[in-house]
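[1] sequence first, predicted model second:
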Amino acid sequence: MKSLTLLASAAVLSIGTLALADGHTDANPAVKARQSHMQLYSFNLGILGSMAQGKVDYDAAVAQNAADNLAAISSMDETNYWVEGTALDTTDGTKAQPAIWENMDDFLAKQDGIAEASAAMAAVAGTDLASLQGAMGDLGGTCSACHREYRAR
C-alpha cells in the first residue's frame, strides 16, 4: 500500500511539473488569447463583408448571427490580453505596436468604438442588405483606425 501511495504521489508530481513546465514554455498566453480574439473578429467580419460586397448572397439569419457574435466579442474586457512587454519589439509572433502601451487610453477608446460599431451592426444586420452595407463602413472604419496606429503591417 505504501508503494502504491508513493507511486501515485510521484505521478501527481510529474503531471504537476509537466503542467507547470508547459505553462512556462508558453511564454505568451496573452498574445495567443488576443490573436484568437482577433481571429473571431475576422471570421465574423468576413461573413458580413462578403455579403456587403455581393460576393455571397445576403442571408438575414447568417448576417444577424455574425453581427451578434461581433457585438458579444467586442463587449468582452480585453485588458488582460494587452500585457506590457508583449509588443512586436519584444515578443515573437505578434504585430502589436509598442504605441499601444504608450497610448493605452486612446487604444482602449478605439476598442470602445469597435464595440459601438458592432452594436450598431447587430441592430440592423438581419434587416436587409442595404442596412448591413450602411453599417459596414463604420464598423470597418473602427477596425482600420486601430490597425493603422497599433498594428504592424
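    Good, I have the coordinates.
[2] where in this structure is pLDDT low?
    Scanning the chain for pLDDT under 70 picks out the ranges 1-27.
[3] relative to Ala123, how far out is the residue positioned nearest the centre of the chain?
    Compute the mean C-alpha point of the chain, and by CA atoms, centre = their mean the closest residue is His37, 1.8 Å away. Shown here: His37 relative to Ala123, a distance of 22 Å by CB to CB, to the nearest Å. C-beta: built from backbone N, CA, C; applies to glycine.
[4] repeat for Ala130
    Taking CB to CB, one finds Ala130 at 14 Å from Ala123.
[5] same check on Ala152?
    Distance of Ala152 to Ala123, given as CB to CB: 33 Å.
[6] show me what counts as buried in stretch 34-51.
    For stretch 34-51, the neighbour count (16 or more other CB atoms under 10 Å) marks 34, 38, 41, 44-45, 47-49, 51 as buried.
[7] and of these, the nearest to Ser74?
    Nearest to Ser74 among these: Tyr41, at 7.7 Å, using CB to CB.
[8] just checking, what packs against the helix or strand containing that closest one?
    Assigned by DSSP states H and E, Tyr41 belongs to helix 29-52. Here helix 29-52 touches helix 60-74, helix 129-150, going by 3 or more CB pairs under 8 Å, 6 or more residues apart in numbering; DSSP states H and E.
[9] comparing those, which comes out most buried?
    Mean neighbour count, computed with mean count of other CB atoms under 10 Å, is highest for helix 60-74 among the helices and strands packed on helix 29-52, reaching a mean of 19.
[10] list the helices and strands it packs on?
    Short answer (3+ CB pairs under 8 Å, 6+ apart): helix 60-74 packs on helix 29-52, helix 104-124, helix 129-150.
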